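Enquirer: Okay, sequence plus prediction incoming.
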Amino acid sequence: MRSLDPPTRAVISREGDRVTTLELFFDLAFVFAFTQLSRLMAQQHDALGILQSLVILALLWWAWTSYGWLTNIAHADQGVVRVTMIIGMTAMFVAGLVVLEAYHDLHGGLFGPLVFVGAYLVARVSHAIVFVWLAQPELRRRTLITVALSVIPSGALLITGALLGNPWQIWFTIAAVAIEPVVSSRTSVGVAWPVRSTAHFTERHGLIVILALGESILGIGTGAATEPISVAILGGVILSMLICIAIWWAYFTQLSGEAEHALLAVPAAARGRTATDAYTYLHLLLVGGIVLAALGLEVAMAHIQSPDPLGLFGAAALSGGIACYLAGTAAFARRLLGTWNLMRLAIAAVFVALAPVISMLPPLSGLASVVGLLIVLFTAERNLPAAAAWPRPAR
């Protein structure tokens with residue numbers, strides 16, 4: 001049994017290490033934030049509300065993925081990393097708590113937009129200090145530059161936007177979000193960032209997809225639990241669960257395992273860059289798609305017994321979210337496995353094109369049409385190998 005380390009120590013990770021229970025505990029703060037984002041979009045009920053929520057989702061994602069890299073370097077449940085994880089988890093829960101005030105301060109109490117930004121920056125700065133300290137000596141200077149150029153300018157933009165308020169805040173927040181991938185990409189040129197445990201890294205990202213799906217299931221229940229049970233509600237629940245199962249199926253039945261083997265086969269010097277592209281960047285499309293689809297499911301279930309049309313807001317969220325998710329899995333496969341899944345790209349395009357049609361259907365029929373399209377996709381993948389087979393990397 002490993003002895004307890006003092007708070008100033010860290011246990012460096014190695015290949016084969018897996019995700020710890022503290023990391024799962026940490027992720028619960030983000031699940032809560034995802035549910036708050038769905039509430040924000042539902043309350044705004046317009047394109048601006050969706051844009052505002054997706055921008056916040058990107059901020060949350062950069063915070064989450066930064067801690068994902070930290071816990072791949074050293075064990076999350078030991079020493080200084082454990083302390084940092086607890087600080088980060090608490091700060092991100094506070095950020096999630098004030099998501100509904102991130103753009104519009106409520107009268108009374110503290111100024112919501114600054115509380116949100118402050119909590120976010122506490123999580124990012126805490127991570128940055130430990131991440132730089134634990135970096136390999138030959139990479140410490142480059143790590144410091146990367147972290148400083150990400151956190152300092154984005155933090156300044158977020159604070160400025162919060163103080164200026166609407167309509168400027170959304171633009172400053174978008175600029176802050178855009179800085180993260182640009183800086184990471186530019187400062188990583190020629191640098192062999194280490195992935196200490198491929199198994200941990202891939203499992204970590206798979207679990208956040210699962211937890212985002214859990215938020216979708218919460219959305220189904222939220223939309224249905226306020227009414228007496230009926231045939232329409234039962235039908236809607238079954239169709240909604242089939243959609244969630246299809247989202248799970250699209251990633252976990254084959255793609256995630258093949259992707260892990262492919263990442264492990266990448267030479268160590270290039271593995272960090274490949275992991276950044278495939279997981280840090282492209283998994284945002286998967287999580288964003290799930291959050292949008294969850295909103296669509298919640299809207300549909302809230303009106304599942306109505307004969308009136310679903311409406312463009314709910315249909316666009318549902319079909320657009322699934323399209324984003326499918327396109328994200330196709331891009332993820334292209335980066336790691338070397339081929340596009342053309343069938344998924346085609347079905348994603350069909351979902352986008354059919355959003356106006358789905359909006360004119362009653363909620364139950366709209367859900368049924370989405371399930372039908374997903375059945376077409378998976379049937380085609382099973383029976384048309386040229387369109388669906390993920391190439392198996394050399395073991």
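Expert: Yes, it's here.
Enquirer: Which helix or which strand is home to residue 274?
Expert: helix 268-275 (DSSP states H and E).
Enquirer: got the buried residues for that helix?
Expert: By neighbour count with 16 or more other Cβ atoms under 10 Å, helix 268-275 contains the buried residues 271-275. Where C-beta positions appear, they are placed from N, C-alpha and C, glycine not excepted.
Enquirer: so residue 102 makes contact with residue 118?
Expert: No. Between residue 102 and residue 118 no contact is recorded; they are 11.5 Å apart, counting by Cβ atoms under 8 Å.
Enquirer: And the two? Which one has more around it.
Expert: residue 102 (28 against 19; other Cβ atoms under 10 Å).
Enquirer: Spatially, what comes nearest to that one if we skip its sequence neighbours?
Expert: residue 116 (4.4 Å; Cβ to Cβ, 6 or more residues apart in numbering).
Enquirer: Report the contact partners of the one you found.
Expert: For residue 116, the contact set (Cβ atoms under 8 Å, 6 or more residues apart in numbering) comprises 95, 98-99, 101-102, 162.
Enquirer: one more time with 6 Å, if that's ok
Expert: Shown in contact with residue 116 (Cβ atoms under 6 Å, 6 or more residues apart in numbering): 95, 98, 102.
Enquirer: Sort out which residues of the strand or helix carrying residue 163 are buried, please.
Expert: Per DSSP H and E: residue 163 is located in helix 140-164. Neighbour-count burial for helix 140-164 flags 142-143, 146-147, 149-151, 154-155, 157-162 (criterion: 16+ other Cβ under 10 Å).
Enquirer: Could you do stretch 102-116 as well?
Expert: The neighbour-count check on stretch 102-116 (16+ other Cβ under 10 Å) flags 102-103, 105, 112-116 as buried.
Enquirer: which residues sit in contact with residue 203?
Expert: Residue 203 sits next to residue 19 when contact means Cβ under 6 Å, 6+ apart.
Enquirer: so where's the protein uncertain?
Expert: The model of the chain has pLDDT under 70 over residues 1-8, 189-191, 223-225, 385-395.
Enquirer: how about the strands in it?
Expert: Counting by DSSP state E, no segments of the chain form strands.
Enquirer: was I right about residue 92 contacting residue 27?
Expert: No. The criterion here is Cβ atoms under 6 Å, and residue 92 misses it with residue 27 at 9.7 Å.
Enquirer: rewinding a little: quickly name whichever of the buried residues of helix 140-164 is closest to residue 199.
Expert: residue 143 (23.1 Å; Cβ to Cβ).
Enquirer: could you measure that closest one against residue 356, distance?
Expert: To residue 356, residue 143 is 48 Å away according to Cβ to Cβ, to the nearest Å.
Enquirer: Give the closest residue to the residue nearest in space to the middle of the chain in space, chain neighbours not counted.
Expert: By Cα atoms, centre = their mean, the chain has its centre lying nearest to residue 287, at 3.2 Å. Distances taken as Cβ to Cβ, 6+ apart put residue 212 closest to residue 287, at 5.0 Å, once the chain neighbours are dropped.
Enquirer: same check, this time on residue 179
Expert: Going by Cβ to Cβ, 6+ apart, residue 179 has residue 154 as its nearest residue, at 4.8 Å.
Enquirer: again with residue 341
Expert: residue 330 (4.6 Å).
Enquirer: That neighbour: how many residues sit nearby?
Expert: 24.
Enquirer: List the residues that contact it.
Expert: Residue 330 touches 340-341, 344-345, counting by Cβ under 6 Å, 6+ apart.
Enquirer: Using CSV, lay out those residues together with neighbour count and distance to residue 45.
Expert: Formatted as CSV, those follow (neighbours: other Cβ atoms under 10 Å; distance: Cβ to Cβ, whole Å):
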residue, neighbour count, distance to residue 45
340, 13, 35
341, 26, 34
344, 25, 30
345, 18, 30
